[in-house]
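Colleague: Build me a model from this:
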Amino acid sequence: MNIKELTALAKVASLEAGKAILEIYNSADFGVEFKGDNSPLTKADQEAHRLIVDFLGETNLPILSEEGGDIYYEERKNWEYFWMVDPLDGTKEFIKKNGEFTVNIALIHAGKPVLGVVYAPVLEWLYWGNEEEGAWKQEGKKSAIKLVNTGSVEIKTIVASRSHLSKETQDFIDQYPEVEVVSMGSSLKLMLIAEGKAQIYPRFAPTMEWDTAAAHGVVLAMGGSVNLWPEKSQLLYNKENLLNPWFICFVNFL
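Modeller: Purely as a prediction, here's the structure:
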């Protein structure tokens with residue numbers, strides 16, 4: 001398994017999906033529908049899914065995508081490696097046109113994301129990371145910058161969800177009255193941790209595995225963690241129920 005080559009492929013797939021998303025984002029018609037759980041679905045979600053599957057299909061590895069068909073646990077539990085994809089994470093932010101949405105692509109092995117790519121098309125922020133190369137961020141055509149763990153344990157900033165701030169999350173934040181709180185949409189919250197712009201991201205509200213897998217891969221590659229709360233064990237993937245438990249993303253916190 002050549003992780004570097006697979007990371008490069010995932011980066012290309014995310015950039016091409018981002019182009020397609022922007023075309024629809026800048027158009028007059030998003031084609032908004034609603035899924036069975038009342039979450040929004042747009043033409044951009046569907047087109048990004050199609051493009052990403054075309055690219056990743058070259059690897060002959062299974063693909064588990066938010067916009068793909070349901071795959072029974074009895075089948076996927078035997079997958080050694082597989083792609084986990086959210087073609088457009090932050091559809092609500094997309095519809096609001098605030099730019100805080102991402103394309104998320106992760107490679108999962110034994111319950112752990114071994115590579116992750118996160119791309120924010122409007123902001124032109126591309127993040128990627130794996131066990132061999134570490135974690136990186138590139139803004140537009142600027143040179144890529146390596147993301148590293150500075151070793152600091154001081155908590156200056158907490159990041160929270162813009163659209164899903166639960167009472168339990170607020171109670172946690174209230175334990176740190178002197179700390180700045182930053183709100184943001186999609187997997188960009190975890191990327192603030194990876195960049196060192198925030199030290200903790202508590203998520204005590206529902207997320208799905210594809211919401212977090214790619215960003216989790218980047219965080220791991222730079223030396224951070226995503227742990228269950230309050231259990232403190234690592235968040236794992238390809239569970240029978242794809243709903244994530246409560247978790248905290250952090251660097252040097254626990």
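
Colleague: ok, now which ones touch the nearest residue to residue 120 once chain neighbours are set aside?
Modeller: Of all residues beyond its chain neighbours, the one nearest residue 120 is residue 102 (5.0 Å), with distances taken as CB to CB, 6 or more residues apart in numbering. Using the backbone N, CA and C atoms, a C-beta is placed for each residue, glycine as well. The neighbours of residue 102, taking CB atoms under 8 Å, 6 or more residues apart in numbering as the test, are 86, 88-90, 118-120, 186-188, 214.

Colleague: Then residue 172?
Modeller: Each residue near residue 172 by CB under 8 Å, 6+ apart is listed here: 202, 204.

Colleague: Tell me which helix or strand it sits in.
Modeller: Here residue 172, judged by DSSP states H and E, is contained in helix 167-173.

Colleague: Would you mind identifying the next helix or strand past that helix?
Modeller: Taking DSSP H and E as the definition, the helix or strand that follows helix 167-173 towards the C-terminus is strand 180-184.

Colleague: which helices and strands sit right next to that next one?
Modeller: Of the remaining helices and strands, those touching strand 180-184 by 3 or more CB pairs under 8 Å, 6 or more residues apart in numbering; DSSP states H and E are strand 157-161.

Colleague: Now do the strand it packs on against strand 180-184, angle only.
Modeller: Orientation check (axes from the mean of the first three to the mean of the last three CA atoms, to 10 degrees): strand 157-161 against strand 180-184 gives 30 degrees.

Colleague: so what does strand 157-161 touch, helix or strand wise?
Modeller: Contact here means 3+ CB pairs under 8 Å, 6+ apart; on that basis strand 157-161 packs against helix 167-173, strand 180-184, helix 188-195, strand 200-203.
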